[in-house]
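Q: model the structure of this input:
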Amino acid sequence: MASKEIPFENYFSLDDETCEARIAKAKEKLGDDLVILGHHYQRNEVFRHADFSGDSLKLSRNAANSDAKYIVFCGVHFMAEVADILSRPDQVAILPDLAAGCSMADMANRINVDRAWEEMAEVLNPEETITPITYINSAADLKSFCGKHGGIVCTSTNAPHVLDWAFSQREKVLFFPDQHLGRNTGHKMGIPLEEMVVWDFDKPMGGLTADEIRNAKMILWKGFCSVHQMFQPVQIDNFLEKYPETKVISHPECSFEVCQKSDFVGSTEYIVKTIADSEPGTRWLVGTELNLVSRLNEQFQSEGKSVHFMSPTVCMCSTMFRTDPQHLLWVLENLVEGHVVNQVSVDTTTAHEAKLALDNMLALPI
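A: Reported below is the predicted structural model:
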C-alpha cells in the first residue's frame with residue numbers, strides 16, 4: 001500500500017538541528033537521483049546542504065548539466081523555472097517554498113511588457129530596431145517574450161557579453177526588469193547616460209516622448225532590487241571616513257551613484273572571487289545581500305580580512321529567506337516516500353520560447 005504524502009504541518013515545530021540530521025539521511029537515501037542547488041543569498045542553514053552553489057548563471061548551467069532525477073532549487077521561483085526549462089522532460093524541478101518569489105521580477109509582467117512593445121511600435125518598428133533583454137531575475141513568460149522577439153536573457157555576470165550580442169542584432173535594447181544593472185553595464189561599455197531612458201510602465205508611452213524613444217540606445221524598465229536599492233553613496237563616505245583603507249565592492253543591481261563610488265562592481269561570483277583573491281588583512285565594504293556578506297566575513301576571518309555589509313540597517317532578501325531547513329526536509333522526505341511536492345513546471349509553449357532566449361545566453365562566453 002502506497003504511503004500518503006507527508007503534510008508540511010508535520011515539520012513546523014522541528015528545530016534546525018533535527019532538520020539538519022534528517023536532511024543528511026534523506027540525501028543519502030536519494031543518492032544520485034537528487035541534486036540540490038543553492039544560491040549565494042540563501043541562509044546558511046540551507047546553503048550548507050547544496051551540492052552546487054553559486055549565482056544565477058552558474059546554477060543555470062548546473063541545472064542544464066545535471067543527470068539527477070530531482071533538481072531541488074534552494075532559491076526563488078524564477079530559478080526553479082529556469083531549472084525546469086533547461087532540464088530534460090524526465091527531470092523534476094522543485095522549489096522548497098513556492099512563496100519564495102522576487103520583488104524585482106514582479107515589477108515586470110507579460111501584460112505590461114507586451115503593452116510597452118505595442119506602444120513603442122507607434123514610434124518605430126521594434127521588431128527591426130529593438131533587441132529585448134530580460135535579466136534572469138524574471139518570470140518564465142518574460143523569457144518567452146524575449147525568445148519570441150529575437151531577444152536574450154542575461155545575468156549580472158554576463159550582461160556585457162549579452163549587450164554586445166544584442167547590439168549586433170539591432171540598434172537598440174529594451175532591458176528589464178532591473179534598470180540599475182542595465183544602466184551600470186551600459187555606462188561601463190561607453191553608452192552615454194543621456195542615451196539611456198527609463199520606461200515607466202505606469203505611464204502611457206512609458207512617460208517618454210517619441211523623440212526620447214527614437215534617440216535612446218537603451219530603454220530601461222523602471223524596476224529594481226529592494227535589497228540593493230537600500231545602499232546609498234553616503235554609507236560609503238561615512239565608512240571610508242572611519243576606515244580609509246577599505247576597498248568598496250558592489251553588485252551592479254546597486255544604484256549608479258553607489259557603483260561609481262565603488263572600487264569594484266560585479267556579480268555575486270565576482271564579489272566572492274575578488275575578496276578571496278585579495279591580500280590578507282584587507283578590509284571590504286560590500287553592497288550586496290546580507291547572508292553572502294556574513295558568510296564571506298566568517299570564511300576569511302582566518303586571513304585577517306574584514307568584510308562589512310554596506311548598510312547600517314540589517315536587510316536580507318526576505319523572499320530568499322523563506323526557504324528554510326523545515327521546507328527543504330519536507331520536500332526531501334516526501335521524495336524518499338515517492339511523492340513530489342512543490343514541483344515547478346513551465347508550460348510547453350512558454351518553455352520552448354524561453355529556452356530560445358536562454359540558449360542565446362548560454363551560447364555566449366561567460
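Q: quick one: residues contacting the most centrally placed residue in the chain.
A: By CA atoms, centre = their mean, the chain has its centre lying nearest to Asn137, at 4.5 Å. Neighbouring residues of Asn137 by CB atoms under 8 Å, 6 or more residues apart in numbering: 56, 78, 102, 104-105, 177-178, 225. For every residue, glycine as well, the C-beta is placed using N, CA and C.
Q: same thing with Phe175?
A: Counting by CB under 8 Å, 6+ apart, Phe175 touches 133, 135, 181-182, 186, 218-221.
Q: what does stretch 85-95 contact?
A: Residues contacting stretch 85-95 (CB under 8 Å, 6+ apart): 60, 63-64, 66, 68-73, 75-77, 79-81, 83-84, 140, 143, 323, 331, 335, 340-346, 351, 354-355, 358.
Q: okay, buried residues for stretch 30-48 please.
A: Neighbour counts over stretch 30-48 (16 or more other CB atoms under 10 Å) mark 30, 34-43, 45-47 as buried.
Q: buried subset of the contacts of Phe175?
A: 133, 135, 181-182, 186, 218-221.
Q: show me which of those residues has the smallest pLDDT value.
A: Ranked by pLDDT, the buried ones among the contacts of Phe175 bottom out at Tyr135, which has 93.
Q: that older thread, and which of the contacts of Phe175 is nearest to Ala210?
A: Relative to Ala210, the closest of these is Ile219; by CB to CB it sits at 12.8 Å.
Q: on the three-state scheme, that closest one is what?
A: Here Ile219 is recorded as strand under DSSP: H, G, I helix; E, B strand; the rest coil.
Q: again with Ile249
A: Going by three-state DSSP: Ile249 is strand.
Q: over to the nearest residue to it once chain neighbours are set aside: give its phi and psi.
A: In space, and not counting its chain neighbours, Ile249 is closest to Phe264: 4.2 Å by CB to CB, 6 or more residues apart in numbering. According to degrees, to the nearest 10, the main-chain angles of Phe264 amount to phi -140, psi 140.
Q: surely Phe264 is in contact with Ser250?
A: Yes: Phe264 lies in contact with Ser250 (CB atoms under 8 Å); the separation is 7.5 Å.
Q: more neighbours, the two?
A: Ser250 (26 against 16; other CB atoms under 10 Å).
Q: which residues touch the more buried one?
A: 231, 258-259, 262, 264-265, 286-288, 310.
Q: just the ones of those in helices?
A: Among the contacts of Ser250, the ones falling in helices (DSSP state H) are 258-259.
Q: of the contacts of Ser250, closest to Asn10?
A: The closest of these to Asn10 turns out to be Thr288 (CB to CB; 35.4 Å).
Q: now do the closest one against Glu269, distance only.
A: Look at Thr288 and Glu269: by CB to CB, to the nearest Å, they are 11 Å apart.
Q: more neighbours: which of those two?
A: For Thr288 versus Glu269, neighbours defined as other CB under 10 Å are more numerous around Thr288 (29 against 19).
Q: please name the nearest non-neighbouring residue to Met311.
A: Quick fix: residue 311 is Ser, not Met. Nearest-residue entry for Ser311: Met230, 5.3 Å, with adjacent residues in sequence omitted and distances by CB to CB, 6+ apart.
Q: so what pLDDT did the one you found get?
A: 89.
Q: low-confidence ranges, the protein, go.
A: 1-2, 57, 101-102, 314-321, 366 (pLDDT under 70).
Q: domain ranges for it, per the record?
A: According to automatic domain parsing, the chain comprises the domains 8-101+320-345, 105-226, 228-309.
Q: ends of the shortest one, how far apart?
A: With CA to CA, to the nearest Å as the measure, the first residue of domain 228-309 is 11 Å from its last.
Q: among the contacts of Asn137, name the ones in helices.
A: 56, 78, 104-105.
Q: list only buried entries from the residues you listed.
A: Neighbour counting with 16+ other CB under 10 Å marks 56, 78, 104-105 as buried within the ones in helices among the contacts of Asn137.
Q: one step back: nearest to Thr155 among the contacts of Asn137?
A: Among these, Ser56 lies closest to Thr155 (CB to CB), at 4.8 Å.
Q: torsion angles phi and psi at Gln343?
A: For Gln343, the backbone dihedrals (degrees, to the nearest 10) come out as phi -70, psi 140.
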